[in-house]
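*Asks:* Here is a sequence with its predicted model. Questions after.
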Amino acid sequence: LHYEKAHFEASYGTIAQLPESNMPEVCFVGRSNVGKSSLMNKLFNHKGLAKVSSQPGKTANVNFFEADGVHFVDLPGYGFARVSGAEKQRWADLIWGYFESERSHNLVISLVDIRHDAQKLDLEMLSYLNQSGLPFIVALTKADKIAKTKQAQQRATLARQLGVDPMACVITSSQTGQGMKELKRFIENACL
Ligand code: GDP
């Protein structure tokens with residue numbers, strides 16, 4: 001897969017707007033500020049392709065990118081405190097609506113900050129993914145912010161808290177590129 005060929009395709013404000021497609025899809029989901037844009041940009045080796053989506057007042061959308069016949073779907077970051085209840089509901093509708101829509105869900109990449117214990121919304125997300133039947137992995141982000149010697153231990157802790165297999169938790173850093181090869185292997189196994 002030529003990740004560097006990734007380009008922006010379209011942005012949708014409601015799930016009803018998504019055009020039908022049989023193309024394999026890999027989506028990215030996580031708390032706002034977890035490092036989703038940075039990870040996508042690192043994967044695509046293209047700074048600024050995925051935009052920081054967590055700015056206050058910025059409208060949440062589902063953004064589609066395409067590379068080599070694979071859709072990469074950037075779901076809105078959840079858990080941003082300073083937005084209205086109505087806007088939070090819209091974000092939730094986008095995320096759950098995407099998961100429930102009839103599409104080729106090849107892989108969900110659920111992002112969780114490696115530095116902290118699992119938070120309520122992450123537990124809800126993983127609980128949903130565990131019972132949904134959707135194929136998913138967890139990308140533990142910002143690994144460069146903790147000591148290398150602590151990483152495996154923190155992965156074990158988070159895997160236990162989230163109820164997922166530690167082998168399905170990839171330790172990543174957008175700063176150092178750690179975990180990108182492993183992430184690509186998961187993506188290619190899911191899509192090709
Ligand atoms: P998003 O809201 O999930 O898209 O998060 P961003 O990608 O915009 O990142 C949020 C903040 O975390 C920014 O200040 C990034 O520079 C920082 N960040 C993201 N990934 C990493 C990482 O792997 N290492 C470090 N040290 N900082 C990161």
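*Replies:* Alright, I've got the coordinates. Numbering: from 1, shown residues only.
*Asks:* Any residues of the protein in contact with the ligand? List them.
*Replies:* 30, 32-38, 52-54, 77, 141-142, 144-145, 173-175 (C-beta under 6 Å from any ligand atom). Heads up, the C-betas are built off the backbone N, CA and C, glycines and all.
*Asks:* Report the buried members of these.
*Replies:* For those, a neighbour count by 16 or more other C-beta atoms under 10 Å gives the buried set as 30, 32, 34-38, 53-54, 77, 141-142, 144, 173-174.
*Asks:* Asn61 versus the residue lying farthest from the centre of the chain, what's the distance?
*Replies:* Distance from the centre of the chain peaks at Thr149, with 25.3 Å (C-alpha atoms, centre = their mean). Thr149 is 40 Å from Asn61, where distance means C-beta to C-beta, to the nearest Å.
*Asks:* Then His46?
*Replies:* 19 Å.
*Asks:* For the two, indicate the residue with more neighbours.
*Replies:* Asn61 (20 against 17; other C-beta atoms under 10 Å).
*Asks:* Phi and psi next, for that one.
*Replies:* phi -140, psi 170 (degrees, to the nearest 10).
*Asks:* returning to what we had before: ok, now how distant is the residue farthest from the centre of the chain from Ala143?
*Replies:* For Thr149, the distance to Ala143 - C-beta to C-beta - is 12 Å.
*Asks:* Equivalent analysis for Val108, please.
*Replies:* According to C-beta to C-beta, Val108 and Ala143 sit 20 Å apart.
*Asks:* Filter the buried ones among the residues of the chain next to the ligand down to the ones in strands?
*Replies:* Per DSSP state E, strands hold the following members of these: 30, 141.
*Asks:* Ser37 is in contact with Lys51, isn't it?
*Replies:* Yes. Ser37 lies in contact with Lys51 (C-beta atoms under 8 Å); the separation is 6.3 Å.
*Asks:* count of neighbours near Leu134?
*Replies:* Residues near Leu134, counting by other C-beta under 10 Å, number 16.
*Asks:* Can you tell me how far it is from Val70?
*Replies:* From Leu134 over to Val70 (counting by C-beta to C-beta), the distance is 16 Å.
*Asks:* Same question for Asn130.
*Replies:* For Asn130, the distance to Val70 equals 24 Å [C-beta to C-beta].
*Asks:* Settle it for me: which of those two has more neighbours?
*Replies:* Val70 (24 against 13).
*Asks:* residues touching the more buried one, list them.
*Replies:* Contact analysis of Val70 by C-beta atoms under 8 Å, 6 or more residues apart in numbering lists 1, 23-26, 106, 187, 191.
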